[in-house]
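> Make a model of this:
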Amino acid sequence: MSREHQINDEIRAREVRLVGPESEQIGIKPLREALQMAIELNLDLVNVAPTAKPPVCRIMDYGKFRYEQQKKEKEARKNQKVVDLKEVWFRANIDEHDYQTKFRNVIKFLNEGDKVKASVRFRGREIAHADLGKKILDRLSKEVAEICNVERAPKLEGRSMIMILAPKSNA
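Now for the predicted structure:
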């Protein structure tokens, strides 16, 4: 088990600034005396600031301290939101009903906090009518303007026109 703190016999300083178990300042003490105080209280001597002159050591229950740290880290990870990039494909000659179905999916993804990559795929000679794809993506961006920002404007890449939408932050 790797530790980021030096505890008890791992501390190599001659004297340390000692902090008690109730966060009270005890003062600068020789390392042996600080270790003896920790042993008498049945606790650990933990080097919490090794770069300070002299190093700051605290008398505490190291196992309990590590447990609290792990609990805080787990809670922080639980509250994180991972933003996914969802992709929705359109066609240049898409029918109205198909457009509405894909439009609803875009709104659902944005409300869930995910980014949306809206793409218009061109097949064969459809590429000659890239303006139709641009109209579809422009219409989409206007209809969802209240709930998102256009992160990347429609741009032709190969046989696809791509636009990226990001949800507006609730800040």
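> Met60 against Asp44, yeah?
Yes - counting by CB atoms under 8 Å, Met60 touches Asp44, with 6.3 Å between them. In short, each C-beta sits where N, CA and C put it, glycine included.
> gap between the two ends of stretch 146-163?
Stretch 146-163 has an end-to-end distance of 17 Å (criterion: CA to CA, to the nearest Å).
> got the buried residues for it?
Cys148, Val150, Pro154, Ser160, Met161, Ile162, Met163 (16 or more other CB atoms under 10 Å).
> Stretch 161-171 now?
Met161, Ile162, Met163, Ile164, Leu165, Ala166, Pro167.
> Off-centre distance for it?
18 Å (CA atoms, centre = their mean, to the nearest Å).
> what's that stretch in contact with?
With CB atoms under 8 Å, 6 or more residues apart in numbering as the test, stretch 161-171 has contacts from 85, 106, 110-111, 113-120, 122, 130, 133-134, 137, 140-141, 144, 147-155.
> go on, stretch 97-104?
Residues outside stretch 97-104 that contact it (CB under 8 Å, 6+ apart): Val88, Trp89, Phe90, Arg91, Ile94, Ile136, Leu140, Glu143, Val144.
> As a check, name the ranges of all helices in the chain.
In the chain, the helices defined using DSSP state H lie at 31-40, 62-78, 96-111, 130-143.
> Pick out the residue nearest the middle of the chain.
Gln80 (5.4 Å; CA atoms, centre = their mean).
> ok, back up a step: mind putting the buried residues of stretch 161-171 into JSON lines with pLDDT?
Output for those, formatted as JSON lines (pLDDT from 0 to 100):
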{"residue": "Met161", "pLDDT": "91"}
{"residue": "Ile162", "pLDDT": "92"}
{"residue": "Met163", "pLDDT": "93"}
{"residue": "Ile164", "pLDDT": "92"}
{"residue": "Leu165", "pLDDT": "91"}
{"residue": "Ala166", "pLDDT": "90"}
{"residue": "Pro167", "pLDDT": "89"}
